[in-house]
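Chemist: Kindly generate the corresponding structure for this input.
(2 chains)
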Amino acid sequence: MYTFQDILMRLKEYWGRQGCVLQEPYDLEVGAGTMCPETFLRVLGPQPYRVAYIQPSRRPADGRYGENPNRLYKHWQLQVILKPSPDDIQDRYLASLEAIGIDLRKHDIKFEEDNWESPTLGAWGIGWQVMLDGLEVTQFTYFQQCGGLDLEVVPVELTYGMERLAAFLQGKSSVYDIQWAEGVTYRDVRLADEVQFSVYNFELADVATLWKLFELHEAECARLLEAWPGSSDKRRFPLLAAYDQVLKCSHLFNLLDSRGAISVTERVAVIARVRKLAVGVAEAWLRQNQGEAAA
Amino acid sequence: MNRLPFLLEIGTEEIPDWMIPPALEQVREQFTKLLSEQRLGDDTVQVRVEGTPRRLVLEAANLPERQPDSEEWVLGPPKAAAFRDGQPTPAAEGFARKMGVAVGQLEIRQTAKGEYLGCARKIEGRPAQQILAAALPDLILGIHFPKTMYWTGKGGPRFIRPIRWLVAMLGDQVVPFELAGVRTGDVSRGHRLLGSAAVRVTPGDYAQSLRENYVLVSAAERRRRIETEIARLLGPTGLRLRSDPALLQTLVYLTEYPTPVLGGFDPDFLGLPEEVLVTVMRHHQRYFSLEDAAGRLAPNFIAVMNTAGDPEGLIRQGHERVLQARLRDAQFFWRVDQHKTLADRLPMLAQVTYQAKLGSYLDKARRMARLARRLARMLKLDAAPVERAALLAKCDLTTEMVKEFTELQGVVGGLYAGRQGESEEVWRAIYEHYRPESMEDPIPATVHGKLVSLADKLDTLQGCFRLGLTPSGSRDPFALRRAAQGVVRILVEGRLALPLKRLVGSDQALVEFFEDRLRYYFRDVRGFRYDEVNAALAAGWDDLTDLESRLTALQAVRPTENFEPLAASFKRIKNILKQAGVALSAATRASAVDEGRLEPGPETELHEAFRRLRGRVRLLRRRKDYRPALEAIASLRPVVDRFFDRVLVNAPDPAIRQNRLTLLTQLLSEFSAIADFSEIVTTQEEK
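Modeler: As a prediction, this is how the structure comes out:
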């Protein structure tokens, strides 16, 4: 039986052989692997790129104090970007499942319509959820827009939900029973994380402080974006730092949301604020890199 | 003419199941249109379409190999310029040379511009292969899908999913074209996992070659396979399938080689309400539910796999585990939710925003309760249970179960209320207050449910219209059309004599919105003719059961011989009054006919007939005996006809003229209260 870390390593190895740069997780809180600069910024513009990385993704509202066998505040995504998408991408994807020991001829695979959209990032794509014996194991998306921009080259994004996949392979009915390493369970590694962050996110996070932080990060990003048009050396301009501020805002928004501090209508307005920053960074980044390509 | 079979297969990545049949229908229509435009079609050509998630297929039998030859008339110089003294002029000779014939072979024909010299030229029909190769790329990219994508890069072709291969064959020849970088050929692909990645096909053996590669191209064959295999699986078990045609249709178009598998779940989960179990199985997992001989839900399900079998039981176990996890979630939510009763949840609704300017769901619940009480009193019912149900109806929005399974809103609240000791009237009303959710969905069965549903929908409509959040075009974010349609159906089909117009109040936009919905409902759903609906609406509306009775009577009386001619006369009266500038105001109606000024004969007869009928029609109308009332009015026809034949309304003496206008005004207003006949489009007018 493959342990959790075996599965992660085998998948990374597989995609490495497919020409992907193997990255490590981004070192800020994100809600999904898509938000990392390795996806959000790299899919813009014409330059080909292939990358794979594990990204622990935080969704404060999904926390369940470690009590629900399938719900997690933080889960492990394997994120793969192939830009442009190869014509035989579905076959390559299916081969990745064989690489972790799934004999596809003995299983039921369906590609069921599921179009992905992230209003915060001004991004959307067309695709499927891949169902393996009735279990959704991967989100498969052809990006169409990112940062509000039509993409020049269409990348494919594959997002594997690693806990589900591992529980399936190991025949566990609770993610906490997954064997992470020999003799070590997912529970041993992560339970405290789930419990404590559920308490913080739902009960103790200070709403006023979170709003203050949100506004500080928003202002910092806006300040940089205002300075961008007048900057003399575009190549050195820290758009990547501006984007970090966007990620901070997005995470703080999620925290406020799980704290029940955002009403349905406010939600739309706050999402629009974050989106404005994301779109601003995307447009500037595209120009910065076009400049580089020209030079 | 040689005839050939034609095959087109558009090979794609998985197309959403529900989009396949409409796409195929378009392919069939466009192809048939192409054949007829290109003179390749006739009665012997048979066009068939089939599809799976990975291919849209068109097969045509007996396609002519080429277009029939045709003749074209090429216009030359006018006759006058072509011959002088019987001899051809240089103009005629030049034209003959250009056409490559002798002058003697040219003909003179009469055209719209006069007599012209010209030349008949035979045009050889083009080969079908050439025509198809030129037309098919546009035909394929012209298929309309609800949401398309590009994949070869910005500005590239758009389709529902990437096109990966194309088969186009006329007889044993490939019809050559290229689309999105894919060239046509004679190589298809089998089932993704069980079949060969390259299957050589011809139009004749296409279906068979694919069957050998685990693809059943025919939807009917896939459907049959699912049905027979389910019957075979269930045979020895004594279990019965809960028939679900919509789910079956989904599965037919979600698979290329469907095989059902029978699974089970822990009977402990049967402690959950059936609604929850069925929702998890059907909506989330696409499984069929099963029942035992007594009709009770069984702890089993049928999943339909996209593969040939499951000899080791691995797939069954997989599906069972997924379902078990989902049901365990549901059980967890159910247990957690019982810690608080619905009534205890009411204050929590203050935290759930309904709409920024319309307040929280608590505000909405209170408004609903007030309105529901008012409705109950109008119907002389005990208001207490309706009011209670309306107040609690939205409380389930705070439950874990509804947060997870939003489609169960209302149902979950009802189930919880029943369990927490609310009366049957209350819990049932909560349970069904979202109904009807579509035109096919039943309306609430209980009167309490009907009233809570009305209160909910009317509150939504009034609130949104007050803020100007009205639907425009296809945008209807608050589903107001559905809400109004629901109100109409509950009132009409539930036979509730409530004054809708009075309830809607003074909001003219909302009144008109309801009129649109009423037109749509009575015309498109109930099949009344549009002018009948207009006539009944024009006579005023408030209580919809009354509107329906008037419409039914109108429809019944319409074919009788006097009706349409009378309708034509009423229209004439209306025009006369309009020209004379008579407003149908209360004052006009109140002014009396001066009998002394009536001319003996047709005019006096009309007046007498009117007076005689008025009392009777009023009585019938009060009793809502609309059909005899309309028949009585229609019986006026001969008198009205005679009046118009013999009497000049526009009499020279203004006093007499005024008196006649008064008579017509009274006639019109008195007899237009059931339906405004002038709205009826008579057979005469249609021609």
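Chemist: which stretch of helix or strand covers the nearest residue in space to B:Glu595 that is not next to it in sequence?
Modeler: In this structure, B:Glu595 finds its nearest non-sequential neighbour in B:His607, 7.1 Å apart by C-beta to C-beta, 6 or more residues apart in numbering or on different chains. In this view, the C-beta of every residue, glycine as well, is placed from N, C-alpha and C. Using DSSP states H and E, B:His607 maps to helix B:602-622.
Chemist: Where does A:Ser85 sit: helix, strand or coil?
Modeler: Under DSSP: H, G, I helix; E, B strand; the rest coil, the three-state class of A:Ser85 is coil.
Chemist: Kindly list the main-chain dihedrals of B:Asp172?
Modeler: As for B:Asp172, its main-chain torsions (degrees, to the nearest 10) stand at phi -100, psi 10.
Chemist: which ones are touching the residue lying closest to it once chain neighbours are set aside?
Modeler: Excluding its sequence neighbours, the residue lying closest to B:Asp172 (C-beta to C-beta, 6+ apart) is B:Thr202, at 5.9 Å. Neighbour list for B:Thr202: B:7, B:169, B:172, B:186 [criterion: C-beta atoms under 8 Å, 6 or more residues apart in numbering or on different chains].
Chemist: now B:Leu297
Modeler: B:270, B:274, B:277-278, B:289-291.
Chemist: May I have the phi/psi pair for the closest residue to chain B within the stretch 101-250 of chain A?
Modeler: Per C-beta to the nearest C-beta, A:Asp133 is where the stretch 101-250 of chain A lies closest to chain B, at 2.7 Å. Main-chain torsions, A:Asp133, degrees, to the nearest 10: phi 50, psi 40.
Chemist: just checking, it touches B:Glu320?
Modeler: No: using C-beta atoms under 8 Å, A:Asp133 is not in contact with B:Glu320, being 9.2 Å away.
Chemist: Please say which of the two ends up with more neighbours.
Modeler: Each of A:Asp133 and B:Glu320 has its neighbours counted (other C-beta atoms under 10 Å in any protein chain shown); A:Asp133 has more, 25 against 21.
Chemist: Run the chain-centre distance for stretch A:47-65.
Modeler: 3 Å (C-alpha atoms, centre = their mean, to the nearest Å).
Chemist: That stretch: which residues count as buried?
Modeler: Buried residues in stretch A:47-65, counting neighbours by 16 or more other C-beta atoms under 10 Å in any protein chain shown, are found at A:49-60, A:62-64.
Chemist: just the buried members of the contacts of B:Leu297?
Modeler: Buried members of those, counted by 16+ other C-beta under 10 Å: B:277-278, B:289-290.
Chemist: related to what we said a few turns ago, list the helices and strands the helix holding B:His607 packs on?
Modeler: Helices and strands touching helix B:602-622, as assessed by 3 or more C-beta pairs under 8 Å, 6 or more residues apart in numbering or on different chains; DSSP states H and E, comprise helix B:626-634, helix B:637-646, helix B:654-671.
Chemist: Turn the ones you listed into JSON lines, columns for mean neighbour count.
Modeler: Listed next are those as JSON lines, based on neighbours: other C-beta atoms under 10 Å in any protein chain shown:
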{"stretch": "helix B:626-634", "mean neighbour count": "21"}
{"stretch": "helix B:637-646", "mean neighbour count": "17"}
{"stretch": "helix B:654-671", "mean neighbour count": "19"}
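Chemist: does B:Arg373 really touch B:Arg388, like I thought?
Modeler: No: between B:Arg373 and B:Arg388 there is no contact under C-beta under 8 Å: 9.8 Å.
Chemist: Which residue of the two possesses the greater neighbour count?
Modeler: B:Arg388 (23 against 20).
Chemist: and the more buried one, what is it in contact with?
Modeler: B:369, B:422, B:426 are the contacts of B:Arg388 under C-beta under 8 Å, 6+ apart.
Chemist: Point me to the residue of chain B nearest chain A.
Modeler: B:Gly318 (2.7 Å).
Chemist: Looks to me like that residue is in a strand.
Modeler: No: using three-state DSSP, the assignment for B:Gly318 is helix, not a strand.
Chemist: Tell me how many other residues surround it.
Modeler: 25.
Chemist: Leaving out the residues flanking it, which one is nearest to the residue minimising distance to the centre of chain A?
Modeler: With distances taken as C-alpha atoms, centre = their mean, A:Gly33 lies nearest the centre of chain A, 1.7 Å away. Here the nearest residue to A:Gly33 in space, its sequence neighbours aside, is A:Gln79; by C-beta to C-beta, 6+ apart that works out to 3.1 Å.
Chemist: Quick check: which element contains that neighbour?
Modeler: Using DSSP H and E, the element containing A:Gln79 is strand A:74-83.
Chemist: Which other helices and strands does that strand contact?
Modeler: Using 3+ C-beta pairs under 8 Å, 6+ apart, strand A:74-83 is in contact with helix A:4-17, helix A:37-40, strand A:49-58, strand A:156-161, helix A:162-170, helix A:186-199.
Chemist: that older thread, which pair in the contacts of B:Thr202 has the greatest spatial separation?
Modeler: Farthest pair in the contacts of B:Thr202 (C-beta to C-beta) is B:Leu7 and B:Asp172. Separation: 10.5 Å.
Chemist: higher neighbour count, those two?
Modeler: Counting neighbours by other C-beta under 10 Å for B:Leu7 and for B:Asp172 shows that B:Leu7 has the greater number, 23 against 11.
Chemist: and the more buried one, helix, strand or coil?
Modeler: strand.
Chemist: and if you look at B:Ser438?
Modeler: Secondary structure of B:Ser438, reduced to three states by three-state DSSP: coil.
Chemist: roughly how far apart are it and B:Arg345?
Modeler: 28 Å (C-beta to C-beta, to the nearest Å).
Chemist: And for B:Glu124?
Modeler: From B:Glu124 to B:Arg345 the distance is 81 Å (C-beta to C-beta).
Chemist: out of those two, which sits in the more crowded spot?
Modeler: Taking neighbours as other C-beta under 10 Å, B:Glu124 and B:Arg345 compare with B:Arg345 leading, 20 against 10.
Chemist: Report how many residues lie close to B:Val322.
Modeler: When neighbours are counted by other C-beta under 10 Å, B:Val322 registers 25.
Chemist: between the buried residues of stretch A:47-65, which is nearest A:Leu256?
Modeler: Closest to A:Leu256, out of all of the buried residues of stretch A:47-65 and judged by C-beta to C-beta, is A:Pro60, at 9.0 Å.
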